[in-house]
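> Below are the sequence and a predicted model; questions follow.
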Amino acid sequence: MEIVILAVVIAVVMVGAIGGLVVGSRKKKQLPPAKAPSSTPTITRPPAEPHVGDEAETPHDEPRRTIEEVDLPVAEPSASAPVVVDEPEAPEAPPAPEIETPEPTAGRLVRLRARLSRSQNALGKGLLTLLSREHLDEDTWEEIEDTLLTADVGVAPTQELVERLRERVRVLGTRTPEELRALLREELLALVGPDLDRAVKTESGLETPGIVMVVGVNGTGKTTTTGKLARVLVADGRSVVLGAADTFRAAAADQLQTWGERVGARTVRGPEGGDPASIAFDAVKEGIADGADVVLIDTAGRLHTKAGLMDELGKVKRVVEKHAPLDEVLLVLDATTGQNGLVQARVFAEVVDVTGIVLTKLDGTAKGGIVVAVQRELGVPVKLVGLGEGADDLAPFEPEAFVDALIGD
Ligand SMILES: Nc1nc2c(ncn2[C@@H]2O[C@H](COP(=O)(O)OP(=O)(O)OP(=O)(O)O)[C@@H](O)[C@H]2O)c(=O)[nH]1
């Protein structure tokens with residue numbers, strides 16, 4: 001019996017102890033949060049990377065906050081953390097080139113006449129001064145002749161001009177400056193050839209586009225001229241395809257393409273060092289497929305003395321003509337090279353039937369007389385003149401405006 005009583009007492013004590021424990025633990029959970037001791041670090045928003053001008057430290061009088069009072073820090077991309085972007089950003093496309101509106105071609109030579117000032121001073125003004133002398137003796141006529149030769153007019157045209165001037169001055173007798181100017185104008189104009197057909201032929205008259213090929217020795221300005229001509233045509237409302245058959249000079253195709261993009265003209269090009277004839281062929285094919293008005297083919301610069309290169313040019317022409325006949329073969333001559341240009345002209349004309357001449361860099365020379373000489377040499381008219389490096393510095397050649405620019409106002 002005593003044992004039973006003892007067991008009951010132990011049981012009661014144990015139940016009481018367990019109950020107290022449970023209650024105690026519940027009480028602990030319900031306790032208000034203990035105030036954090038001052039040594040406990042508070043979790044605050046991680047300090048942002050300091051910027052120039054930021055305070056170096058958090059102000060000390062700012063009340064400390066407990067963990068419950070602090071908002072979770074908003075995740076901020078740090079310099080070291082990888083930035084996760086939902087969608088990979090597409091690489092930025094290069095901006096589409098802006099299509100330019102080229103200047104109208106009419107009257108360009110008049111606008112650019114100041115660029116002929118070097119020829120004007122050497123040729124036009126020089127002649128007027130000499131002709132205005134009171135006594136036109138043999139020495140003076142010789143000086144007049146020299147002036148013409150120095151300006152690259154060429155021997156035969158110079159002699160013809162001097163003959164005519166002598167005759168007319170003699171008939172005129174006393175001369176006023178106005179009369180002399182008019183006389184010189186007339187004679188220079190007759191020499192330049194006011195009646196030659198100088199239109200760049202870009203209309204084939206067939207279903208196919210007009211085809212123009214641009215040829216010449218190195219560095220005369222073929223690519224630049226092809227680009228400028230594309231602008232002239234676009235300004236006149238024509239659609240143009242460019243053929244970059246200059247596969248010799250690495251940058252030529254890029255250069256041509258840039259010219260084309262500026263006026264919205266497509267460029268057909270091939271691999272560097274590729275076959276120029278096949279690129280020219282493809283360009284015309286593309287022009288036909290596109291229904292373009294004109295295909296302009298730029299060719300590599302080649303020395304007229306290299307037979308292999310000249311044969312290649314003949315091949316380009318023949319291959320293009322499998323599509324349709326060429327409407328225009330423009331020979332680009334650098335006006336500053338003077339008489340050497342005439343030799344080039346002769347050889348190119350033999351190989352590819354040059355139909356028109358482009359005289360470039362007339363802005364940088366006193367030798368404007370080359371216009372006369374080269375036409376005489378080839379029997380082919382100067383159709384365009386380059387008067388600067390600007391995009392619209394290529395002008396249709398107008399004999400009147402040219403002579404007026406030479407002799408000044
Ligand atoms: N001042 C002046 N410079 C010009 C004229 N035409 C072309 N040029 C410059 O002449 C240089 C040669 O021109 P390009 O068009 O590259 O010559 P290219 O004949 O195609 O040269 P290659 O392909 O190497 O034979 C460039 O710096 C042009 O800007 C012009 O009328 N006046």
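That came in fine, so what should we check first?
> first to last residue in stretch 393-403, what's the distance?
In stretch 393-403, first residue to last residue: 18 Å (Cα to Cα, to the nearest Å).
> buried ones in that stretch?
Asp393, Leu394, Ala395, Pro396, Phe397, Glu398, Pro399, Ala401, Phe402, Val403 (16 or more other Cβ atoms under 10 Å). Every residue, glycine included, has its C-beta placed from N, CA and C.
> who touches it?
Residues from elsewhere that reach stretch 393-403, judged by Cβ atoms under 8 Å, 6 or more residues apart in numbering: 105, 107-113, 115-116, 124, 185, 188-189, 192-194, 196, 198, 200, 225, 228-229, 231-232, 358-359, 363, 368, 371, 381-387.
> If we check the ligand, which of these are in contact?
Asp363, Gly386, Leu387 (Cβ under 6 Å from any ligand atom).
> can you list those in CSV and add secondary structure and distance to Ala307?
Output for these, formatted as CSV (DSSP: H, G, I helix; E, B strand; the rest coil; distance: Cβ to Cβ, whole Å):
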residue, secondary structure, distance to Ala307
Asp363, helix, 33
Gly386, strand, 28
Leu387, coil, 34
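> From the residues you listed, pick the one nearest the ligand.
Of all those, Gly386 has the smallest distance to the ligand: 2.4 Å, by Cβ to the nearest ligand atom.
> ok, now which ones touch that closest one?
Per Cβ under 8 Å, 6+ apart, neighbours of Gly386: 221, 224-225, 228, 335, 358-363, 393-394.
> among the helices and strands of the chain, which has the poorest mean pLDDT?
Among the helical and strand segments of the chain, the one scoring lowest on mean pLDDT, DSSP states H and E is helix 2-30, with a mean of 46.
> Provide a list of residues in contact with whichever residue of the stretch 1-150 of the chain sits closest to the ligand.
In the stretch 1-150 of the chain, the residue found nearest to the ligand is Arg115; the distance is 8.3 Å by Cβ to the nearest ligand atom. By Cβ under 8 Å, 6+ apart, the contact set of Arg115 is Leu362, Asp363, Leu387, Gly388, Asp393.
> Helix, strand or coil: sort out it for me.
helix (DSSP: H, G, I helix; E, B strand; the rest coil).
> Quick one: buried ones out of the contacts of stretch 393-403?
Buried among the contacts of stretch 393-403 (16+ other Cβ under 10 Å): 105, 108-109, 111-113, 115-116, 124, 185, 188, 192, 196, 198, 200, 225, 228-229, 231-232, 358-359, 363, 368, 371, 381-387.
> what sits against the closest residue to Gly388 other than its chain neighbours?
Of all residues beyond its chain neighbours, the one nearest Gly388 is Asp363 (5.0 Å), with distances taken as Cβ to Cβ, 6 or more residues apart in numbering. Asp363 makes contact with Leu112, Arg115, Leu116, Arg118, Gly386, Leu387, Gly388, Asp393, according to Cβ under 8 Å, 6+ apart.
> tell me the helices in the stretch 201-350 of the chain, going along the chain?
With DSSP state H, counting those that start in this stretch, the ranges of helices along the stretch 201-350 of the chain come out as 222-235, 252-263, 276-290, 307-320, 339-352.
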